[in-house]
Structures are given as C-alpha cells and as structure tokens.
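Peer 1: Below are the sequence and a predicted model for it; my questions follow.
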Number of protein chains: 2
Amino acid sequence: MTAETTGGDLSRLRHLNALTAIRVLRADEAGFTLTELARRTGLSRASTEDVVRDLTERGWVAEAEKTAGGVGRPARRYRFRADAGHLLGVDIGRHRVLALLTDLDGKVLHSHRVEAAPGLGRIERLAATDDAVRGVLRAGALSGDRLWASGVATTGLVDGTGKVMLSEALHEWTGVDLAAHLGRLVTGPVLVENDSKLAALAESWQGVARHSRDVVFILSGVATGAGLIIDGKLHRGFGNAAGEIGALPAVGWTRAPEHLRDWPGEGDIFAAARDGDRRAVAAIKRYVKDLAVGVSALVLTLDPELVVVGGGFAGSADLLIGPLRAELDRWCIRTPEIRVSTLADRGVALGAVKLAADHVGTVLASGSGLTSIDQFARA
Amino acid sequence: MTAETTGGDLSRLRHLNALTAIRVLRADEAGFTLTELARRTGLSRASTEDVVRDLTERGWVAEAEKTAGGVGRPARRYRFRADAGHLLGVDIGRHRVLALLTDLDGKVLHSHRVEAAPGLGRIERLAATDDAVRGVLRAGALSGDRLWASGVATTGLVDGTGKVMLSEALHEWTGVDLAAHLGRLVTGPVLVENDSKLAALAESWQGVARHSRDVVFILSGVATGAGLIIDGKLHRGFGNAAGEIGALPAVGWTRAPEHLRDWPGEGDIFAAARDGDRRAVAAIKRYVKDLAVGVSALVLTLDPELVVVGGGFAGSADLLIGPLRAELDRWCIRTPEIRVSTLADRGVALGAVKLAADHVGTVLASGSGLTSIDQFARA
C-alpha cells in the first residue's frame, strides 16, 4: 500500500513536470533547446531531459526545424505537436447529427454526418449521435480513447454538468445527460453547450466575427436562437441562459416561422420566392418582420458592432438580409453591420470543437483539475 | 525659444517622475520609505527625495503613521492623500440638477441641489446646472480650478466627446455640448455619460450590486432607462447606445408611464394606492405589466445575476417589486434576484463621480494623455 502510494506520488510529480514543460512549449512554435526549457520551467537539466524524452515517446513533442546561423552545431530544439491529440465536436441538430474530428489547433481532419428525422425520440437521436461519433472516429482510424476532449452542441438549455435542462425543439430531450452518454464512447472530458452559443463562439473564433468584440449571433432556421459575444468572450449568463430572448412572445420569434409553414405552396419557399412566387415573397416578408423585432431587442440592449446571421436559413441570405436590415432601421437607434456566416452548416459543430480546445488550453495552462496527463490520452 | 523648450522638457521630466511616484504610492495606504520608493520607481535617491518634497508641498503626499517594531528610529514613510484633490459629479435630471463634491476616493464632502422644471429649455437648464456646480464648489470653499476631473450625467445618448447625440426626454437638449459647457466652470477633464449607465455604475461601485458581475439596472421613473454591468464592467456598446431597449415599442416602456398619467385621481398615485384607492392600484398594476416586458427582454437576453431597480420610483418599491417579480416569473426562464437601490436620488450623481474617479485612476496609472500633473490641479 505504501509502496503503491509512493509510486503514485512519483508518477504524479513526473506528470506535473510534463505539464509545466508543455505549458512552456505551447507558447512558441519555434520550439526551445533543453537549456532554454530548463531555465523557463525551473526544472533541473536531468528532469528536463527526462520529460522531453517521455513526451517525445508519447508523440506530444517533436524536434523543431533547425534554424541557421551561429557558430558550430546548433543545439536541438523541441516543439509541441498540435497533432499529438485530437478533439471531437458534435452538433446534435433536428435533422442530422454532425461530428468533426480535429487536431489540437481545431483543424478539421474528418467529418461524419448522420441524418435524423425531426420527430425522433431520445433513444433514436442518441443512437444517431453514437453513429456520427463512431463514424468520424472510424474515418480518423482512432479509438475514442485517443480524444483529449469533446464538445457537444444541443438545442435547449444546458446545465453545468452537461445535462439538458430544457428543450422544446426536440422530442423527449429535456433531462438527457449528454456528458454521461458521450462519456461512454470517448475518454477525456465532454463539454456540452447550447447550439446558438457555440455557433456564436465559432464565428468569433474562425468566422466573420473574428475581428469584433461585441457580436449578436442569430441561429436562423425553423427555430430561432441567439448567442452573444461580449468584450470578445462568449456570454453565458448567470444560469447559462443568456440569449433566450425568443422565449418572450412580444418579440415575435415563436410566431415568425409560422408564416413560412402557413405558406400554401409546394417545395422550398425560398426557391419559390426566387422564382417570383408572390405568396412566398409575402410569407418571407412576414417572417422577417417578426424575426426583426427580436433581433432589434438584442441590438437595442447590447448595441453590438456586428450582427451575424447563421444557421439553416443563412443559405437564403439573398432573400433575408436586405429586408432584415430595413426592419432593423425601423426599430434600432443604430443599425449595426449585418453579415452572413460563411461556416455553412459546420458553425455549430466548430463551436463545439472550440469548447473542447478551450478546455484543453485551460487545463494545460493551469494544471488545475488534472490528476494526470493520461487524463487526455492513453499512451 | 530654445531655453524655454529646455525648461519645458525638464519640467516634463519632473512631472513624469512625480506620476511614477504617485502610481507606486497609491498602491498601498501604509505608505513607503524613501528607500522603498526609490527601488519601486527606479528613480535615483536624489530624484525620489525631490519628487516627495515637491508632492508634499503640493499637498498630494503626507507622512504616513509610523509603525512600531524594529530596532532604532524607524524611517519616515510617505503616503498618497485621497484629499489631495476633488472630484465633481453632476446629475442633470428632468426635475432638478444635483452636484456632488468628493475626495479622490469618491467620499461625498458636499452636495448641492437646484430645482428645474421639466419644461425648461436648454439655456435655463444649463443655467440651473451652473448654479448647482457653483453651489457645491462654494460649499466646499473651492474654485473650479481645483477639480481633478468631473463627471456629468444626462438623459439621452451621449457621444465620445461629451455631446448629447439624442434626447427625447428633455426640451432642446439634443446637440448640447455638455463637456464644453462644464469646461467653462471647471478645469480638468469633463466626462459625460447617460444617466442610466452611470446609475448602474454607481450600484456596481457602492450599491446593492457591488458583489455581482452581471447586473441589469432599471432607472425607473416617468421615463424608464436601463444600464448594464457585464462581467463586472459597465457595458457601453459599440456606439455607446447599449441599454436602449425602451426604444422598441413591442416591449411596452413607451406606454408604461401612460397608465400612471391616465389615473383620474389627485395627488401621488403611490400614496393613493397605499391608502387603498383601487383605481390607483389598477393603474400601477398596468404600469408594472408593461415595465416587466422590457425588463424580461433584458433578463432573457443577458441572464443576469441581479436586477436592480433605482430611480424615482424606487421609493415606491413596496408597491412595485412584488408585482414585477410575478410578471418576470411569467416571461423569464430564470427570474433573477431583484433588489432596490439604496442610493436614493444620489445614484446617478454618484455614478458621475465614479466616471471621474475612473478617469483619474486610468490617467495616473498609465500617464497616457497627461501632459502635466498640473492638468489635474493648479498648485
């Protein structure tokens, strides 16, 4: 018992040293010599050599390109590998589940999509989720235990433990514990967040909002959602319920999609409008009028630099953005710039990847909550 | 010409040294010895002695209380004096102008109030403002050139230069340049900001919101305004127009006060309601119903920890808060705690003081934009 405890403590010390080294190594892609690394980590030369050997064997550290110049043989430099681990981002939508597999920088390596009918119950939708996750891991020839962290996006409100507190859009979805469910397929932490919030995060990370500090993101579609970036950060709210303006009947978001549903025509209403169908054009106009009241409430509250429209209807921006701008001009004191997402239907899943990447970054930077670097990956 | 320039440069160097010393001295009320101050400022011992002598003569620095302990005579310690300068906060309201005179920590030393009828034109309201400022300076036996900075609160939208961009509540008020006008009475910078924003700032500084990071503040009264504290900071918005949800007809704030005006009774409607007047009670109920839609829009957008109700109607909180909470329960996913301001009718003016204090703090901390410490006060 004592021997085991001692063994555990020694192992823990090695892990802490490794974390310290990773923290330093991640700061500069050009890498560090052993001498530099020892100085910056405060570790002894011997410990530094041990750590670098250990991390190299795990595939987390590689030799960096040698830089020219100087006299004599240059010292070897070591760098952290973004391809040392993988992240998973999953978007559980009404019509399909999309899973992305990325490297630690969030570069998408593989994606896998599984169709899911809007009326699916909890068990069937979770099964579709499993299929999407297994599919993308298969595409990457990875087992779930090589993931450092996973992000999951869902409609509805999510609590701090990864459980859906409330979902009106999906059948039998309130109460589902997504963190626990996904945890059966993958190792490492599973972070769960609302889809509109994650789509906003993705726009701020890789999308049209990446140069803006204050952004209102609208997830347009059969249901409408909102995500807020304030002062460069995702605004979650005290109870993780920010952006839920649509719950207020006065702002028109519950009624807005009814105009599209009530359209008496056949097929795609947006295509019909482009073909000159007057009733389609009129229905879309009524939809935008209702949508704009809620968007105006957000804009008047926050006075953002930018409004980004993403989600399922972003592909019909040619029909929506002009009328939306005209409606905002009616209600807003200052109509912000309006831009259309360029992340197509990947925005939400990319936001889930970013959630996972941020978690890994925070843990590596602080070491807090990390009992072992093996928590990220089984060597 | 050359000699003068050289003189100016020398003087500028002394000012920079003084700023550096102030920066260090403000960090600890216990004060510093000359040796400590020299080490922390990086100034030579001789320059440190010069600076401390200079600042002491100006009244900005005093000897600190001697601490016991140690062997031999303790070295003298020096501290920054919060009473070295003064701040002015002015609230230009519909019914009166209130001016506060404080020390550099924002401790109120004197206040002066001048009544102003709601219908006053620009010239008369500015004259009332001048009277309030002169009155409070007289009470403090100060001339305007001893103020380090002044904050001014007004209804309406304010631009970055201290001009009112748009005011619907006050007659002839759009376009008035308050920074320039106040600048004729006082030296030092004049910062101008919207009254609801400043009242929110005051709650976050000295009021019931001082332990909360995310706060929706409601300035209740004949007109309704909102100020937002997000992540501990006043949220201004990209065009300084955040919190203007009331401009949206759908949220009911334009209609809300009409219920109180349409009450057919005599005298104070709140007093009448307390006396059991049913029509007064019903009118207040209709007022709260409309008020609550806008408050719900803010709450659903931001999901704050706390809603604070201040302004003119805060004194009738006994009649308003219960019904407001019941209405929020109807519309909000999570009704936050609701608290009533305890700053009485000083909240807005205190926010103006805080605006001035923050400006002084920023300038002293960075030295940026400061050409001379005499910018704050003529010695």
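Peer 2: Arrived safely, thanks for sending. Numbering: from 1, shown residues only, chains lettered A, B, ... in the order given.
Peer 1: Would you list the phi and psi of the closest residue to A:D54 other than its chain neighbours?
Peer 2: The spatial neighbour of A:D54 that comes closest, neighbours along the chain excluded (CB to CB, 6 or more residues apart in numbering or on different chains), is A:A18 at 6.4 Å. To be clear about C-beta, it is placed using only N, CA and C from the backbone, and glycine gets the same treatment. Per-residue torsions, A:A18: phi -60, psi -40 (degrees, to the nearest 10).
Peer 1: Kindly report the same for A:E172.
Peer 2: Dihedral angles of A:E172 (phi, psi; degrees, to the nearest 10) stand at phi 60, psi 30.
Peer 1: can you pull the contacts of it?
Peer 2: A:121-122 (CB atoms under 8 Å, 6 or more residues apart in numbering or on different chains).
Peer 1: ditto for the one 3 residues further on
Peer 2: For A:G175, the contacting residues are A:163-164, taking CB under 8 Å, 6+ apart as the criterion.
Peer 1: ok so, going back, burial of the residue nearest to A:D54, as a residue count?
Peer 2: Summarising burial for A:A18: neighbours were counted as other CB atoms under 10 Å in any protein chain shown, giving 20.
Peer 1: isn't it right next to A:E57, touching?
Peer 2: No - applying CB atoms under 8 Å, one finds A:A18 not in contact with A:E57, separated by 11.3 Å.
Peer 1: So which residues on the stretch 151-300 of chain A come close to chain B?
Peer 2: Applying CB under 8 Å from any CB of the partner chain, we find that the stretch 151-300 of chain A lies next to chain B at A:157, A:166, A:214, A:226, A:228, A:230-231, A:233, A:235-252, A:293, A:296-298, A:300.
Peer 1: give me the residue from the stretch 101-250 of chain A nearest chain B.
Peer 2: When you check the stretch 101-250 of chain A against chain B by CB to the nearest CB, the closest residue turns out to be A:G237, at 2.5 Å.
Peer 1: residue contacts, the closest residue to that residue other than its chain neighbours?
Peer 2: Once flanking residues are discounted, A:G237 sits nearest to B:D303: 2.5 Å by CB to CB, 6+ apart. When the contact criterion is CB under 8 Å, 6+ apart, the partners of B:D303 are A:236-244, B:214, B:333-334, B:336.
Peer 1: Name the nearest of those relative to B:G322.
Peer 2: Among the contacts of B:D303, B:P336 lies closest to B:G322 (CB to CB), at 15.3 Å.
Peer 1: Can you read off the pLDDT for the closest one?
Peer 2: With respect to pLDDT, B:P336 has a value of 98.
Peer 1: Phi, psi for it please.
Peer 2: Dihedral angles for B:P336 - degrees, to the nearest 10 - are phi -70, psi 170.
Peer 1: How about A:H86?
Peer 2: When quoted as degrees, to the nearest 10, the phi and psi of A:H86 stand at phi -130, psi 150.
Peer 1: what is it paired to in the beta sheet?
Peer 2: Under DSSP bridges, the beta-bridge partners of A:H86 are A:D103, A:L147.
Peer 1: can I assume it is in contact with A:W148?
Peer 2: Yes - A:H86 is within contact range of A:W148, at 6.6 Å (criterion: CB under 8 Å).
Peer 1: list residues touching both of these two?
Peer 2: Common neighbours of A:H86 and A:W148 (criterion: CB under 8 Å, 6+ apart): A:L104.
Peer 1: thinking again about what came up before, gap between the residue nearest to A:G237 and B:I245?
Peer 2: Distance of B:D303 to B:I245, computed by CB to CB, to the nearest Å: 15 Å.
Peer 1: on that earlier part again, count the residues that sit near the residue of the stretch 101-250 of chain A closest to chain B.
Peer 2: The local packing count at A:G237 equals 24, with neighbours defined by other CB under 10 Å.
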